[in-house]
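Peer 1: Please find the sequence and the predicted model below.
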Amino acid sequence: MRAWQNAALLALVVLPQAVSAQCRQALALGLDVSGSVDLREYRLQLDGLVTALNDAEIVSLLLSTPSAPVSILVYEWSGPEDQVLLVPWTDIRTVDDLHQVSVTLSRVERRASTPGTALGTAVLRGRDYLEQKKTCWKRTLDISGDGKSNLGPRPRDVKSAVSSLGITVNALVIGADAPASGDRRQVELGELSSYFRAEVITGPDAFVQTAVGFEAYAEAMTLKLKRELDGPAISALQ
C-alpha cells in the first residue's frame, strides 16, 4: 500500500471528524502556452482538458467520495514571467462543481505571452500552488509540454525542491502535429518523452503520457487523469 493511501486510512480511523476539512488528492494542471503553441493548438489543449474532465469514468472517480474530494487547479505557463492562474483550487464534490470548472476553461481567451519555455519555473509555480494544499493525502502536479526548457532554471535542478515535499510530478508530452514523416514524428516524440522522463517527472509512481499532436491531446489527457485518479484510496473510503 502506498504512503498516501496509508495516510488516508489513518485519517479515517484517527480523525474522522477532520475528513470534511481534507481532500484525498490535490491535482494542479499546468498547460504549455509557449510560443510553439499556436491559437488552434491552444484551443485544442483547453478543450481537450474539458473533454477529459467530463469523461464518464473520470466524473465517476472525481465524485465518488464528496466527503474527501479531489481538488483541482489549472494554470498556464510559458516564459518565466508568464504563469497565469486559470482555475483556482476547486473541490469537486458535485456535478455543478465540475461544470463550473469546465465553463471557466471554455471561456478562457489566448493572451499575449513571451515565446520562451520556462519549464523549471512552471514546475516551481505548480509546487507553490500545491503547498497551499498540505492537508491533502496526495498531491500531484500534471505538466503538459511540447518542447524542452530554454529559459529559467533547468527542470532537473528543481526536482529535489519538489519531490522532498512529497509532491509527484507527471507529464503529458505533446508531439508535432505536422511532421515531415510518420517515422520522424515518433522519433521526435520519443526523444521529447525521454527528456521529460529524465529531467521533469519525479515522485512515487511518476509517469509520462504522450499525445501524438494536439489533436490527440483530449484522449491522452483522459488516459492520464484515469491513471492519476487511481482507486485504492477511494475504495478504502467507501
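Peer 2: Thanks, I have it. As the structure is a prediction and not an experimental result, all values here were calculated from the model.
Peer 1: any weak-confidence spans in the protein?
Peer 2: 1-21, 177-183, 185, 231-238 (pLDDT under 70).
Peer 1: tell me which residues in the stretch of helix or strand residue 158 belongs to are buried?
Peer 2: Per DSSP states H and E: residue 158 is located in helix 155-163. Judged by neighbour count (16 or more other CB atoms under 10 Å), helix 155-163 contains these buried residues: 155, 158, 159, 162, 163. Any C-beta I mention is one placed from the backbone N, CA and C, and that applies to glycine too.
Peer 1: Quick check: residue 111 is in a strand.
Peer 2: No. Applying DSSP: H, G, I helix; E, B strand; the rest coil, one finds residue 111 to be coil, outside a strand.
Peer 1: Could you look up the SS state of the closest residue to it other than its chain neighbours?
Peer 2: Of all residues not flanking residue 111 in the chain, residue 84 sits nearest, at 7.2 Å (CB to CB, 6 or more residues apart in numbering). Secondary structure assignment for residue 84 (three-state DSSP): strand.
Peer 1: show me the contacts for residue 84.
Peer 2: For residue 84, the contact set (CB atoms under 8 Å, 6 or more residues apart in numbering) comprises 75, 76, 77, 111.
Peer 1: Okay, and which of those residues map to strands?
Peer 2: 75, 76, 77 (DSSP state E).
Peer 1: Pick the one among these closest to residue 37.
Peer 2: Using CB to CB, residue 76 is the member of the ones in strands among the contacts of residue 84 that sits closest to residue 37, with 9.6 Å.
Peer 1: for the helix holding residue 158, packing partners?
Peer 2: helix 119-130, strand 167-174, helix 182-199 (3 or more CB pairs under 8 Å, 6 or more residues apart in numbering; DSSP states H and E).
Peer 1: Let me know the angle separating the first one from strand 167-174.
Peer 2: Translated: helix 119-130. Relative orientation of helix 119-130 versus strand 167-174 (axes from the mean of the first three to the mean of the last three CA atoms, to 10 degrees): 130 degrees.
Peer 1: contact partners of helix 119-130?
Peer 2: Here helix 119-130 makes contact (CB under 8 Å, 6+ apart) with 26, 28, 30, 32, 73, 75, 77, 80, 83, 89, 139-141, 143, 145, 148-149, 151-155, 157-159, 161-162, 165, 167, 169, 200.
Peer 1: Would you map the strands across the chain?
Peer 2: For the chain, the strands defined by DSSP E cover 25-32, 70-77, 83-92, 139-145, 167-174, 208-211.
Peer 1: The ones you listed: which one's closest to residue 47?
Peer 2: strand 25-32 (11.5 Å).
Peer 1: Could I get the CA-only coordinates of the closest one as PDB?
Peer 2: C-alpha atoms of strand 25-32 as PDB (Å, rounded to 0.1, in the frame of the first residue of the first chain):
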ATOM      1  CA  GLN A  25      -5.900  14.500  -3.800                       C
ATOM      2  CA  ALA A  26      -4.800  17.900  -4.900                       C
ATOM      3  CA  LEU A  27      -4.300  18.000  -8.700                       C
ATOM      4  CA  ALA A  28      -2.600  21.000 -10.300                       C
ATOM      5  CA  LEU A  29      -2.600  21.100 -14.100                       C
ATOM      6  CA  GLY A  30      -0.100  23.300 -15.900                       C
ATOM      7  CA  LEU A  31      -0.800  23.900 -19.600                       C
ATOM      8  CA  ASP A  32       2.000  24.900 -22.000                       C
END
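Peer 1: just how off-centre is it within its chain?
Peer 2: Centroid separation for strand 25-32 versus its chain: 3 Å, with CA atoms, centre = their mean, to the nearest Å.
Peer 1: In stretch 60-80, which residues are buried?
Peer 2: For stretch 60-80, the neighbour count (16+ other CB under 10 Å) marks 61-65, 68-80 as buried.
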